[in-house]
Every structure is written in C-alpha cells, then in structure tokens.
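>>> after the sequence you'll find the predicted model.
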Amino acid sequence: MRLHVPIRLRWSDLDAYAHVNNAEMLRLLEEARIQAFWADDEPNGSAAVVAGAEMSTAVLDGRPGAATLTLIARLEIEYLAPIPYLRAPIDVQLWIGKLGGASLDVCYEVYGPAGQEPAQLYARATTTIVLVDAATQRPRKINEIERAAWAPYLEPTAAFTRR
C-alpha cells in the first residue's frame, strides 16, 4: 500500500530549461515526506491520503524542540523525465522500503497529476532516515506506535533502472 501526497509546483521550481530543476525535486520529496510523517496540529491539516481516507502515518513531531530528530543519512534519486510546469498537483507516492531498528528507507515515485492518463512517471527516489534522540544526539529505536503506523506501507524498495 502507498501513500499519495499531492504537491503543487511553484513557478520558481522551474529552471531556464522550463522544467523542474533537479535541486527543487529534493524539496518536493521533502515536502511530501513531511506531510506524510510529521504530525499536524490542525485537526484536518494532513494532505496525504490513501484511497481517499485520512492517513495515520503522521506520527513524528517535527516542530522545533521535538524529542526526536529525523536526519537524512542517504538519498538516491533517478530522474526519468523532465517535469514541466503543471497547474494540478503532482502525485508523490511514498512507501517504506525498509523498516530497521533506528532507521527507515522512504521510497518515492513522482507522477503527474492524479487521474491523468496515461500516468507519467517522472522520478523515483529513496531516502534513508535515522531517528535521533535530540537530548543525547544518538540514534533511537523506532517505537511501537511508529512501527504500527508505518508497517502497512512496507513494500519492496524502489527499483532503480539505471544503476
């Protein structure tokens, strides 16, 4: 099962070649990851959905002063096609490729707007995130609440075609 996070492009995401700049793609993935995994103070603030239902994966506190830091240990991205400016939000699909002791691999596929046929796959990526205790600055174990929230989204890791 995958999360579907709609992300709107900004005009400033484009470069001189009139497509989303490669560095901006990292920001788009970050935005999708934050919406999917960081708890929201607003009762209906989450934008990520799974088959039309509010998701329950947003269990991390990402606010300043939070007890847990989410640090990026590794990022791999494969650009498959340039993304032109699109007025409708792109569909960033996320799933967990690996759920370890203190880390997880978040996998992504970036598609054109949901419902657009034929579906256009623009990029795929994997981010390794390490959960770190803010007080000790040491990795901390994924707790039972996090594991229960994320386990339903465990699928094989992203398959890169150009390795």
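Received the coordinates, thanks.
>>> over to the spatially closest residue to Thr57 that is not a sequence neighbour: give its phi and psi.
With sequence-adjacent residues excluded and distances taken as C-beta to C-beta, 6 or more residues apart in numbering, Thr57 is closest to Ala149, at 5.1 Å. Yep, even glycine has a C-beta here, placed from its N, CA and C like the rest. Geometry field for Ala149 lists phi and psi as phi -70, psi -30, criterion degrees, to the nearest 10.
>>> what's the burial count for Ala149?
19 (other C-beta atoms under 10 Å).
>>> distance of it from Ala39?
Using C-beta to C-beta, to the nearest Å, one gets 10 Å for the distance from Ala149 to Ala39.
>>> equivalent analysis for Asp15, please.
34 Å.
>>> in contact with the residue nearest to Thr57, which residues are there?
Under the criterion of C-beta atoms under 8 Å, 6 or more residues apart in numbering, the neighbours of Ala149 are 56-57, 59.
>>> which of those residues count as buried?
Burial of these was assessed by neighbour count (16 or more other C-beta atoms under 10 Å); the buried members are Thr57.
>>> which one among the contacts of Ala149 gets closest to Leu29?
Each of these was checked against Leu29 using C-beta to C-beta; the closest is Thr57, at 15.5 Å.
>>> quick one: pLDDT of the closest one?
Among the per-residue scores, Thr57 shows a pLDDT of 85.
>>> where does the chain have low pLDDT?
In the predicted model, the chain carries pLDDT under 70 at residues 41-55, 163.
>>> which residue is nearest the centroid of it?
With distances taken as C-alpha atoms, centre = their mean, Arg33 lies nearest the centre of the chain, 3.0 Å away.
>>> coming back round to it: find residues that contact each of Ala149 and Ala39.
Shared contacts of Ala149 and Ala39, counting by C-beta under 8 Å, 6+ apart, come down to Val59.
>>> still on that earlier bit, make CSV from the contacts of Ala149 and add secondary structure and distance to Met25 to it.
As requested, the contacts of Ala149 are arranged in CSV below (DSSP: H, G, I helix; E, B strand; the rest coil; distance: C-beta to C-beta, whole Å):
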residue, secondary structure, distance to Met25
Ser56, coil, 27
Thr57, coil, 22
Val59, coil, 26
